[in-house]
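# With the input below, show me the fold.
(chains A, B and C)
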Amino acid sequence: MLAFSEKSIVKLNVNGENVTVMINPSYTLLHVLREELGLTGTKPGCENGDCGACTVLVDGWPIKSCLMLAAEAIGHQIVTVEGLKNAPIQKSFVENWGFQCGYCTSGFLMVCHALKNIHPDANDFVIEQWLQSNLCRCTGYGEIKNAVKAVLENRI
Amino acid sequence: MGYIIGKNIVRKEAFNKVTGTAKYTDDFITTGIYHAELLISPYAHAKIINIDIFEAVSSTGVKTIITGSDINVLCGPLLDDMPPLAKEKVRYHGEPVAMVVADCEQNAKAAVAKINVQYQPLQVVNSVLNALKENTVIIHENLQQYKKNVPDVYPEANSNICSHVKIRKGDQQKGWQDSEIIVESSFTLPQSDHAAMETRTAQCEILPNGRVIISSSTQAPFSVKEQINKTFQVPIGVIDVNVFFVGGGFGGKVPVQLEILAYIASKAVDGHAVKIVNNREKDMITSPGKIGLEANMKIGAKKNGKIMAAEMHFNVDCGGYAEIGPRIAKAIAVDCAGPYNIENISCDVLCVYTNHPVATSFRGFGHTSQAFCIERMLDKLAAALNIDPLEIRMINALVEGNYSPTQVKITLSNTGNFGECLNKLKTLINWDEGQRIEENNNLVRAKGIGCFIKTSDSPTNAISGVLLTFNSDGSINLNCGVVEIGPGMKTTAAQILAEKMKMDIGRIHVKMEVDTQTSPVHWKTVASMTTYMVGRAVLSAAEDLIRQLLNAAATVFKCAPEDLEVADEKVFLKTDLQTYLTLKDIVHGYQYQNGNSVVGQIMGRGSFIMNQLTFLDKETGLGKAGPYWTVGAQAVEIEFDTQQHTYRILKAATVVDAGKVLNPKTVKGVLMGGMCMGLGLGTSESFIYDTEGIVQNTSFRTYKMMRYGENPDYLIDFVETPQIDAPYGSRGLAEHGIIGIPAALANAISVAAHVDIINLPITPEQIWRLKAGVQV
Amino acid sequence: MIAFDFAYFRPNTLKEATEIYKQIALTGKTPVYYGGGTEIISMARTGSVKFDAVIDIKSIPECTTLCVESDRLIIGSAVTLTKIAESGCFPLLGETVSRIADHTIQGKITIGGNIAGTIIYREAALPLMITNSKVKIIRKNRLHDVPFFDVFDGDLHLQKGELIVQFLIDKNYLNLPYCHVKKTKLDKIDYPLLSMAAIKTNNGISAAVSGLGDKPFLLPGKILNETDIPETIRVDKTIAAIQNNIISDLIIASKEYRVFVLKNVLTQMFHNFKGA
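Residues are numbered from 1 along each chain as shown, chains lettered A, B, ... in the order given. Here you go, the predicted model:
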């Protein structure tokens, strides 16, 4: 049984590497990624699971890291935007003007990247279902649609 | 012309933003920094009887706790009416009451929960209507004692009115006499939130040598300097404000609030670095949002549709403190007629205190609310006269030679061609197929139009500046005080420079951060004025560079500077293109073969100041508020279910006179973003208050915004009527996408459902109530 | 950021889970069983809930199983909504849970967590309420299979230390004609004005709703199945019969409007079941 009663040193697997990090059981994964590991590409937007800016991948699936305890992540594979490493979706967002201020971008990228991996043949309904998890306040979503479709249709 | 203007240029920081490496204010993780956490008011209006910090102050990690009684300053951009922490009473739900400074966020939050405040609730002013009633509760008892920071703000004694702007144009009496039909209506539009994805945040450290180092997610770093200076008498030269990427602004990051609190906090802990970060809930109510508006409108017209007179009363709900509200009131007054020629206007705009959260600039700066009213009026007039809504706009369209409400002469250069926008919109939205089309399954497809005109209402002396330096390889560093909040302004500045220098934009390096010690002053990154202001400064700096380059090359070639030309990072002899110097060989001085050197380092400087602007006359509004207008026409097409009263937005269209489109995809992106936000205002965004003025929806769970897939197809087209004094003729264009959209939506739904929409947002429940005659 | 400290336990067996729960409770502290944790974390952040330890049940095999065994579908209480929807094992449940919160969060919310939550909607319960479901719970250190309605009447009623391990649904209910409708104020991602799950068996239609009351409830089956009277009258009678269950105005909509929406939804349901 995993058990922590206080601040403890644990191992997390982040972006393909095992890292040792000090966590408090009450810390969210979002907090640990940013404050302890310096992975600030993952953004806090609402800390309430509503906006999706903090989305990361846990075992390949998108998860809002503000609603996950860091302790829950032990034993799972975490990928943040810093771990994408030239994924087609990144280029596609650039080429399709998929962002302006860039603050929601990491979260959208993670959802789109997971979608491409899990449902490479996703239709418009599925795309909408997945991407409705995130809020963007700058674009009108049109460019984001173009970006994700370009990747799903292997045009990038 | 056309070297790079009109081409799609990817923003300079694009790859940093898709890799998570672009840094925002709170992305600099510093160990040892203290955290400030606010305790906010649970009441909209209450006396503070007692604040007990006894238990909190001994809580783990607490460095200090500050309350209103510890601070003897008032602040505000126009009127000094706001204590940084509430003093004696609270005036809105969410107002900061106390601030804990602790070693970490967790401890700060834990201590905040241990502060006990005793309040005595006061009667709440929960609407503008209530605020203006006779013998109403007065929110600011000492209104007349507040210091004015500008001459043109007019608080009224013993009232909740913090300013009043008047427009008196033409001959009212004649206008009404000439009118054959009169249409009247009133409108109520709610307050709402900017909801930038990055919440507001600020950090402050005061160094032993006295320097005040502030980092902030602000659109107005130079205002931060000024307000810290003004409020605390800190010499302005010792204040440095650093701004990195900003995660969306929309006007919400113009007010100086958290910076002041961070300064107070740092000062209280001997200058130690302190950060303060809004959580989403506080970002929504503690920091300022968008105005509410109540309006009564009356327009008179000839039977042929020509408007003869207008009487308008707009009451701006600015919340508990004035903030920039009086300027929004001014903006509404200045453009009260919309993009229409109305010769006889009486317009009164009051800026009114209520016990609602404070309002500030918001994308469109009051114009979205104002446009809603005038555009609904145009549709009502059209319906009353049985004239096509597009046609009635054409009949009244503002043209060259007309005069604005503040009596500025309209020219094609300063305003563009609104009629042409309407013409193009007609095609774009396929207006001729009909405004209301019944389809199968109880569905109706309907369209509505909403148009806009907007100028800037900046200070009459707003400035911008640019500094250019060379690297030894001949590439240029561009430094300006514009904040990169999203629309790609830094890239636009580089694009204008590349065009002027006739060089590769990849060889222009833009300093993304703003550091007020080294970046030239740029008024604020607001008001869709950035391209115009910084663009002019860029051109002026480039001319400065070119002049120096020509002189330097003339020295080397022993010719006149006029014989030379700069392009492709070379200085050519005009008559012999094979004879040239490359920039890298002269920009840091030219060295002859024998070692002698001449010229020295070449640096460019350019500046811009607004010209010809005036204060408005207090009684008539006569005067010039902005350097130019941007006009456009918009439409929304919906599909309405006549049984369920639900609707879907199918299309949204915008045609705008851009003067010249500099970077098409970027401009369209900003317009679409505005349109989407306008649809948010139209469909769902608003603060919901209970009877005590408490905001009921302070999270994104309950404050609903547009999500992916709810957006329509966007149709965008441009008219290009050059603005003579703008960079490459390009008119300011950023906020405008939002302005006419809520009105267009309301017009479409009014037609689709045969109802009269006078409020926002338009929920299916609201339509059902109107249809079923059910009162709230 | 959560402002208070607590301990984290992730047991690998039911036995470990119950023992650690008991141990903590014995010291006078408050343990909570923890599934997806989405509601617990967000409420802890705002300070509206406090506890001393979370016991994460996601490593307990019985709680994460999703399979058909003999004649029933077994869904572990810590199975995520996404897993249920993607598996296709129970289309009505899959469709219902696909409309809870948003897709990303569905990958974290567990079925047990949704049903045990404090938010009034608990939409995952709707299909279970109309399919004669059972739950396997730990009660007094032993596993018991009990009818879902023994522990759930719209609110979940468990004694301290009791834990739902699994939901058990008779295979016969999985592929019956069904109807799920969720109506919101306007946006797709929102709490429901009304979420309704319905099935049609040989005995007629069963339907459960959330959003109308302060908890989910069954619509009166007797009225829904009065086949000798017209559907429009059945709709009116149903609404009349549940008047007392409908709570007054919510921020998202008034009572009257929710009734209007219900009327449309019931009409649609009867239409959908035509010929089924």
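# Can you show me the helices along the stretch 51-200 of chain C?
For the stretch 51-200 of chain C, helices defined by DSSP state H, counting those that start in this stretch occupy the ranges C:61-64, C:81-87, C:91-97, C:103-106, C:111-116, C:125-129, C:148-151.
# Show me the one of these that comes nearest chain B.
helix C:103-106 (10.7 Å; Cβ to the nearest Cβ). No exception for glycine: its C-beta is placed from N, CA and C like everyone else's.
# which residues of chain A fall in strands?
According to DSSP state E, chain A carries its strands in the segments A:2-4, A:8-14, A:17-23, A:55-58, A:61-64, A:77-79.
# Where does chain B get nearest to chain C, residue-wise?
Counting by Cβ to the nearest Cβ, chain B gets nearest chain C through B:Lys109, at 3.7 Å.
# so what's that residue scoring on pLDDT?
In this model, B:Lys109 is scored at 98, pLDDT.
# Checking it next. Helix, strand or coil?
With DSSP: H, G, I helix; E, B strand; the rest coil as the basis, B:Lys109 sits in helix.
# from memory it sits against B:Glu37, does it?
Yes: contact between B:Lys109 and B:Glu37 holds when scored by Cβ atoms under 8 Å: they sit 5.4 Å apart.
# With neighbour numbers in mind, choose between the two.
Ranked by neighbour count (other Cβ atoms under 10 Å in any protein chain shown), B:Lys109 and B:Glu37 place B:Glu37 first, with 25 against 20.
# Can you give me every residue that contacts the residue of chain B closest to chain C?
Taking Cβ atoms under 8 Å, 6 or more residues apart in numbering or on different chains as the criterion, B:Lys109 is in contact with B:Glu37, C:Met1, C:Ala3.
# that's a helix at the second one, yeah?
No: assessed by three-state DSSP, C:Met1 does not belong to a helix; its assignment is coil.
# I'd like to know how many residues surround whatever residue of the stretch 101-250 of chain C ends up closest to chain B.
Using Cβ to the nearest Cβ, the closest approach of the stretch 101-250 of chain C to chain B is made by C:Asp187 at 4.8 Å. Neighbourhood size, C:Asp187 [other Cβ under 10 Å]: 15.
# in what helix or strand does the residue lying closest to it once chain neighbours are set aside lie?
Nearest in space to C:Asp187, with sequence neighbours left out and distances taken as Cβ to Cβ, 6 or more residues apart in numbering or on different chains, is B:Lys704 at 4.8 Å. For B:Lys704, there is no enclosing helix or strand under DSSP states H and E.
# Quick check: B:Lys704 vs B:Phe54, distance?
41 Å (Cβ to Cβ, to the nearest Å).
# what about those two, which has more around it?
Each of B:Lys704 and B:Phe54 had its neighbours counted (other Cβ under 10 Å), and the higher figure belongs to B:Lys704 (24 against 10).
# Ramachandran angles for the more buried one?
Reported as degrees, to the nearest 10, the phi and psi values for B:Lys704 are phi -90, psi 140.
# Helices of chain A, start to end?
With DSSP state H, the ranges of helices along chain A come out as A:29-31, A:88-95, A:105-118, A:124-131, A:142-152.
# Tell me if the first one is near chain B.
Which is helix A:29-31. No: where contact is defined by Cβ under 8 Å from any Cβ of the partner chain, no part of helix A:29-31 touches chain B; the two come within 8.7 Å at best.
# Can that helix be said to contact chain C?
Yes: part of helix A:29-31 sits close enough to chain C to count as contact by Cβ under 8 Å from any Cβ, namely A:His31.
# Tell me the buried residues in that helix?
Residues A:Leu29, A:Leu30, A:His31 are the ones in helix A:29-31 that count as buried (16 or more other Cβ atoms under 10 Å in any protein chain shown).
# For the residue nearest to the spatial centre of chain A, give me the pLDDT.
Centroid-nearest residue in chain A: A:Val56, 2.4 Å away (criterion: Cα atoms, centre = their mean). The predicted local distance difference test score for A:Val56 is 98.
# residue contacts, it?
A:Val56 makes contacts with A:Leu29, A:Leu33, A:Thr42, A:Pro62, A:Ile63, A:Ser65, A:Ile78, A:Val79, A:Thr80, A:Val81, A:Met110, as judged by Cβ under 8 Å, 6+ apart.
# Quick check: beta-bridge partners of it?
Per DSSP bridges, residues listed as beta-bridge partners of A:Val56: A:Ile63.
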